[in-house]
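Q: For reference, the sequence and a predicted model appear below.
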Amino acid sequence: MDPNTPVDTSDLYRDITGFAQSTPTWLQHLAEVWTEAGLLLFGVLFAAAWWRARRGESRAVAIAVLAPLGTAVAYVCSEVFKSLVDEERPCRAVAGAAASLVECPPVGDWSFPSNHSTIAGAAAVALVLTWRSLAWLTLPMAVLMAFSRVFVGVHYPHDVAFGLIFGALVAFLVVRIGTRPGTRVVGAMRTSSTGVVRWFAGPGAPAAHAPS
């Protein structure tokens, strides 16, 4: 066991990777693809949420723009944690575990926390703040993406659990703290003389007509 590992979840790691080896090949391939495809899907949802918000209030646009920003901040913070903890990947450190389904990352690509899980947790919560009805989709997506990192054998369970919670917290704080100044910026952009800037900020909600 790596002495830099903050929590010992190696037994659970062995159980999950052992189960992964017993699953059908198609499911193993699906888990491998999902660890990366999920990130792309979150990117598509960010774009859709921003496009939807453009015709709403300035505050809605500000939140939609802050959502991917908060996710990026969470990722950077995750990288800082990695450099502080220096936890070896379980696919090298856990004796008696099943072989990982994907190639074990190189030495120096530390394990704690999981960047994928941090991004997933941040994106899921940020998108809910932007578009609440997406919760049924983004929250399960984040959990499945985190689990897939253990399933394919490249992270401990505690890596992904911390990543999910940490990412969600950072994104929530970034969006909440940035909403008020962001709203003012979007309001100013909507009155800009530059067409691209106005297009990015969106036309806003149509003005209500007074009754005749």
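A: Perfect, thanks for sending it.
Q: from here on, contacts and neighbour counts on C-alpha atoms
A: Fine.
Q: longest helix in the chain, by residue count?
A: Ranked by residue count, the top helix of the chain under DSSP state H comes out as helix 157-189.
Q: Check which residues of the helix or strand of the chain with the lowest mean pLDDT are buried.
A: Least confident helix or strand, the chain: helix 195-201 with a mean of 85, by mean pLDDT, DSSP states H and E. With burial defined by 16 or more other Cα atoms under 10 Å, the residues of helix 195-201 counted as buried are 198, 201.
Q: which stretches of this protein form helices?
A: 10-22, 25-53, 58-85, 90-93, 115-130, 135-151, 157-189, 195-201.
Q: avg pLDDT for the shortest one?
A: Over the span of helix 90-93, the pLDDT mean works out to 89.
Q: thought residue 127 was touching residue 49?
A: Yes - with contact defined as Cα atoms under 8 Å, residue 127 counts as touching residue 49 (7.5 Å).
Q: name the helices or strands packed onto the least confident helix or strand of the chain?
A: helix 157-189 (3 or more Cα pairs under 8 Å, 6 or more residues apart in numbering; DSSP states H and E).
Q: packing partners for the helix it packs on?
A: Under the contact definition 3+ Cα pairs under 8 Å, 6+ apart, helix 157-189 sits against helix 58-85, helix 115-130, helix 135-151, helix 195-201.
Q: quick one on the thing from earlier: comparing residue 127 and residue 49, which residue is more hemmed in?
A: Neighbours were counted for residue 127 and for residue 49 using other Cα atoms under 10 Å; residue 127 has more, 29 against 22.
Q: if we can go back for a sec, what residues does the least confident helix or strand of the chain touch?
A: 54, 58, 61, 186-187, 189-192 (Cα atoms under 8 Å, 6 or more residues apart in numbering).
Q: What's the separation between residue 122 and residue 65?
A: Distance of residue 122 to residue 65, computed by Cα to Cα, to the nearest Å: 14 Å.
Q: again, but for residue 168
A: In terms of Cα to Cα, residue 168 sits 16 Å off from residue 65.
Q: swap in residue 46?
A: Per Cα to Cα, residue 46 is found 8 Å from residue 65.
Q: Also residue 171?
A: Distance of residue 171 to residue 65, given as Cα to Cα: 12 Å.
Q: Comparing the two, which residue is more hemmed in?
A: Of the pair residue 171 and residue 65, residue 171 is the one with more neighbours under other Cα under 10 Å, namely 31 against 24.
Q: Lovely, talk soon.
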